[in-house]
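J.: Attaching a predicted model along with its sequence, questions to come.
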Amino acid sequence: MSKHPDHLLISQVSIDFPTAKGPFRALDKVNLRIEKGEFVSIIGHSGCGKSTVLNIVAGLYKATEGGVILDGREVDEPGPERAVVFQNHSLLPWLTAYENVELAVKQVFKKTKSKAEMREWIEHNLRLVHMDHAMDKRPDEISGGMKQRVGIARALAMEPQVLLLDEPFGALDALTRAHLQDSMMEIQAKLGNTVIMITHDVDEAVLLSDRIVMMSNGPAATVGEILHVNLPRPRNRVAMAESAEYIRCRKAVLSFLYERHGRKEAA
Amino acid sequence: MNPTQLFQTLGAPFLGILLFLAIWQVGAPKIVTSLGAIPGPVQVFEQFIGLIDEHKAARQKEVEFYQRQEERNTKAKADDPNAEIEVRPYTGKASFFDQILTSLITVMTGFVLAGLIAIPLGIVAGLSQTVYAALNPLIQLFKPVSPLAWLPIVTMIVSAVYVTDNPMFEKSFITSALTVLLCCLWPTIINTTVGVANISKDLQNVSKVLRLSWWTHVRKIVLPSAIPMIFTGLRLSLGIAWMVLIAAEMLAQNPGLGKFVWDEFQNGSSNSLGRIMVAVIVIGLIGFALDRGMLLLQRHVSWDKSLALR
Ligand SMILES: Nc1ncnc2c1ncn2[C@@H]1O[C@H](COP(=O)(O)OP(=O)(O)O)[C@@H](O)[C@H]1O
Ligand SMILES: [Mg+2]
């Protein structure tokens, strides 16, 4: 089944943050292979280093040891082929939804698309996240869920090889979150992007992912276990809730998070 | 608006001013100086009217001067078509309102020039630790220096460097404007630097992921984020500049409101105190208007129109 087993390779990644008390090892030898088109969730307790992994893949942090390879090329700086949706939307507050997406599209397609094509592409992506009705609104005029949708549209509009989502729905209420999760599944089915999503929500991880990467607690956090979610797509959250596989996966993640913490505590 | 709000927005300020005027009117005559008793608000207002009349008279004189000159020249030309025609500018004493205009032009010139230097410098210093490290000691050293201390140096330098037969600007104008520029520089640089250095980490990350060029980064992310701090710096600067300019004009006898005050003080006529008070009030009103103007400008360029600006 793995046609491109080494689409994205996170290899022996460790990182030390400088602190007043000397270097703090946040991640220790993180290894992960991700296939093209795969949806991978990273789950773990708060502060274990999930965002740090994502930031290293994005190129915003530099690994102290090891590295990230995307399609045979080492990642050494940020770039639009690894689009990030940040936890708190990070839209430019002085630009409308349209203009926020436009900034990204102009940057990525300035040489390959005409003005009219760009406009069509921006509107297409906003339609994809169901935000075409509020294109001319500024971030402070729309709800949190809508902001996150625009953030996703901005990321998708870059046509990234990998989409990086850092707790994208974490700050939203349950209903809005469910809507956005459904949108995300729909979009991924349509576009087939490779996605890495950080979450602390077990149901979200099981519903959306092909694989769930469970991280051990820090310091020196690393990949604890990896769980394959063998649920057919398209997935329906209501039907799913009763499926034996869903229950198995949910239980496996919960037991990792709350019974084992992934790594044997120093006894 | 309910009655309480109405009182707070209109009634209270009105009462405050009324009370001030009353204390002034009653208290002033009790202090007798070598130039007579301190004038009350009514006398000061009379002086203000007097200054307007003087201004009108001066304008009239100017018009007449040019008329006479014109007539003379036409006549000379009629008598002898090859006659040398002389056109001399009017050189009457500057009126109160001429001095106001001079001060306004001077302060705006120095202020705008300072902004053109300080904002780009502040942006670069906010973006680059190295530039900041290089600039910071200089800023910290010069910031606490009263611009008036610069005045002698500026005067000497302008005298030495600005030597032309046909000067476009008066030396005194350049000296005053440079002094204003010097005092506007520091608050604007410092506030711009702080504004730029504190741009949200998330927005900086967005810029990095998009690989925005330096220039696009500055235009799309840095400037809009830093606008409030830049304006804080500009408003501080303009406020200081206006105060400093008046003092500099008094000290250096450069044309402007400061010179007007100084001249009246030296004159020592019975009208002088009243006229100085008119000047003081006008200086205050202009300072206030300048600040309001900056606020309006900020509201105009700022993306957040709902911002409560004060
Ligand atoms: N830039 C940084 N400098 C120093 N320490 C950091 C930095 N970023 C993260 N850390 C530390 O690394 C650990 C992991 O952080 P993070 O990746 O944000 O956790 P998570 O996203 O899983 O909640 C935390 O202990 C955090 O304090
Ligand atoms: Mg995080």
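T.: Ah, there it is. Ligands and ions are numbered 1, 2, ... in the order given.
J.: any idea where the helices of the stretch 1-150 of chain A begin and end?
T.: For the stretch 1-150 of chain A, the helices defined by DSSP state H, counting those that start in this stretch occupy A:50-58, A:97-109, A:115-128, A:144-157.
J.: Also the stretch 151-267 of chain A?
T.: Counting by DSSP H, counting those that start in this stretch, the helices of the stretch 151-267 of chain A are A:174-191, A:202-208, A:237-240, A:244-255.
J.: in the stretch 101-250 of chain B, what spans have low per-residue confidence?
T.: Applying pLDDT under 70 to the stretch 101-250 of chain B flags no residue at all.
J.: need the residues of it near chain A, please.
T.: B:200, B:202-203, B:205-206, B:208-212, B:216, B:220-221, B:224 (CB under 8 Å from any CB of the partner chain). Just so you know, the C-beta spots here come from the backbone N, C-alpha and C atoms, and that holds for glycine as well.
J.: In strands only, show me those residues.
T.: Using DSSP state E, no member of those falls in strands.
J.: middle-most residue in chain B, spatially?
T.: By CA atoms, centre = their mean, chain B has its centre lying nearest to residue B:107, at 3.3 Å.
J.: For the nearest residue to residue A:157 once chain neighbours are set aside, which residues are in contact?
T.: Once flanking residues are discounted, residue A:157 sits nearest to residue A:125: 4.2 Å by CB to CB, 6 or more residues apart in numbering or on different chains. If a contact means CB atoms under 8 Å, 6 or more residues apart in numbering or on different chains, then residue A:125 has A:101, A:153-154, A:156-157 as its contacts.
J.: Mind doing that once more with 6 Å?
T.: A:101, A:153, A:156-157 (CB atoms under 6 Å, 6 or more residues apart in numbering or on different chains).
J.: for residue B:254, same thing?
T.: B:172, B:176.
J.: For the nearest residue to residue A:16 once chain neighbours are set aside, list each beta-bridge partner.
T.: Counting by CB to CB, 6+ apart, residue A:23 is the residue found nearest to residue A:16 once chain neighbours are left out, at 3.8 Å. Per DSSP bridges, the residues bridged to residue A:23 are residue A:18.
J.: Tell me, how many residues neighbour residue A:23?
T.: Each residue near residue A:23 was counted by other CB atoms under 10 Å in any protein chain shown, and the total is 11.
J.: Chain B is nearest to which of the helices of the stretch 151-267 of chain A?
T.: helix A:174-191 (18.5 Å; CB to the nearest CB).
J.: Could you report the neighbour count for residue B:50?
T.: Count around residue B:50 with other CB under 10 Å applied: 15.
J.: now the strands: where do they sit in chain B?
T.: Using DSSP E, strands in chain B cover B:32-33, B:36-37.
J.: Tell me which of those sits most buried.
T.: Highest mean neighbour count among these (mean count of other CB atoms under 10 Å in any protein chain shown): strand B:36-37, with a mean of 14.
J.: Mind checking the pLDDT average for it?
T.: On average, the pLDDT along strand B:36-37 is 84.
J.: contact partners of that strand?
T.: Residues contacting strand B:36-37 (CB under 6 Å, 6+ apart): B:29, B:270.
J.: And the strands of chain B: which comes nearest ligand 1?
T.: Across the strands of chain B, ligand 1 has its closest neighbour in strand B:32-33 (66.7 Å, CB to the nearest ligand atom).
J.: Report the strands that pair with the closest one, each with its relative direction.
T.: strand B:36-37 (antiparallel).
J.: Residue numbers of chain A in contact with ligand 1?
T.: Within chain A, the positions near ligand 1 by CB under 6 Å from any ligand atom are A:17, A:26, A:44, A:46-52, A:218.
J.: Recalculate using a threshold of 8 Å.
T.: When proximity is defined as CB under 8 Å from any ligand atom, chain A approaches ligand 1 at A:17-19, A:24, A:26-27, A:44-55, A:61, A:166-167, A:198, A:215, A:218-219, A:221.
J.: partners of the residue nearest to residue A:44 when sequence neighbours are not counted in the sheet?
T.: Of all residues not flanking residue A:44 in the chain, residue A:215 sits nearest, at 3.3 Å (CB to CB, 6+ apart). Beta bridges link residue A:215 to residue A:223, judged by DSSP bridges.
J.: list the contacts for residue A:215?
T.: A:44, A:48, A:221, A:224.
J.: Over to residue B:275?
T.: Counting by CB under 6 Å, 6+ apart, residue B:275 has contacts B:47, B:264.
J.: picking that back up, want to try a markdown table for the strands of chain B, with distance to residue B:48 as columns?
T.: Shown next, in a markdown table, are these (distance: least, CB to CB, whole Å):
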| stretch | distance to residue B:48 |
| --- | --- |
| strand B:32-33 | 20 |
| strand B:36-37 | 18 |
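J.: Among these, which comes closest to residue B:23?
T.: Counting by CB to CB, residue B:23 lies closest to strand B:36-37 out of the strands of chain B; the figure is 15.4 Å.
J.: Quick check, pLDDT for residue B:307.
T.: For residue B:307, pLDDT reads 63.
J.: How about residue A:3?
T.: pLDDT, read off for residue A:3, is 49.
J.: Could you report the distance from the closest residue in space to residue B:237 that isn't next to it in sequence to residue B:28?
T.: Spatial nearest neighbour of residue B:237, chain neighbours left out: residue B:184 (3.9 Å); criterion: CB to CB, 6+ apart. Applying CB to CB, to the nearest Å, the value for residue B:184 to residue B:28 is 36 Å.
J.: Looking at these two, which is more packed in?
T.: residue B:184 (29 against 18).
J.: give the contact list for that one.
T.: B:111, B:114, B:237, B:241 are the contacts of residue B:184 under CB under 6 Å, 6+ apart.
J.: Which one of these is nearest to chain A?
T.: Nearest to chain A among the contacts of residue B:184, with distances taken as CB to the nearest CB, is residue B:237, at 24.0 Å.
J.: how about the closest one, what does it touch?
T.: Residue B:237 neighbours (CB under 6 Å, 6+ apart): B:184, B:187-188.
J.: What of residue A:96?
T.: When contacts are taken as CB under 6 Å, 6+ apart, residue A:96 is in contact with A:136, A:138.
J.: returning to that earlier point: the residue nearest to residue A:16 reaches residue A:14, doesn't it?
T.: No - using CB atoms under 6 Å, residue A:23 is not in contact with residue A:14, being 10.5 Å away.
J.: Narrow the contacts of residue B:237 to those in helices?
T.: B:184, B:187-188 (DSSP state H).
J.: among those residues, which are in reach of ligand 1?
T.: Filtered for proximity to ligand 1 (CB under 8 Å from any ligand atom), the ones in helices among the contacts of residue B:237 leave an empty set.
J.: quick one: stretch B:280-298 near chain A?
T.: No - using CB under 6 Å from any CB of the partner chain, stretch B:280-298 never reaches chain A; the gap is at least 13.8 Å.
J.: Return the set of buried residues in that stretch.
T.: Neighbour-count burial for stretch B:280-298, counted by 16 or more other CB atoms under 10 Å in any protein chain shown, picks out B:282-283, B:286-287, B:290, B:294, B:298.
J.: just how off-centre is that stretch within its chain?
T.: 9 Å (CA atoms, centre = their mean, to the nearest Å).
J.: With mean neighbour count and mean pLDDT added, can I get the helices of the stretch 151-267 of chain A in TSV?
T.: Shown next, in TSV, are these (neighbours: other CB atoms under 10 Å in any protein chain shown; pLDDT from 0 to 100):
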stretch	mean neighbour count	mean pLDDT
helix A:174-191	16	90
helix A:202-208	23	95
helix A:237-240	12	90
helix A:244-255	15	94
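J.: How many neighbouring residues does the residue in the stretch 101-250 of chain A that ligand 1 sits nearest to have?
T.: Nearest residue of the stretch 101-250 of chain A to ligand 1, counting by CB to the nearest ligand atom: residue A:218, 5.4 Å away. Other residues lying near residue A:218 total 20 when counted by other CB under 10 Å.
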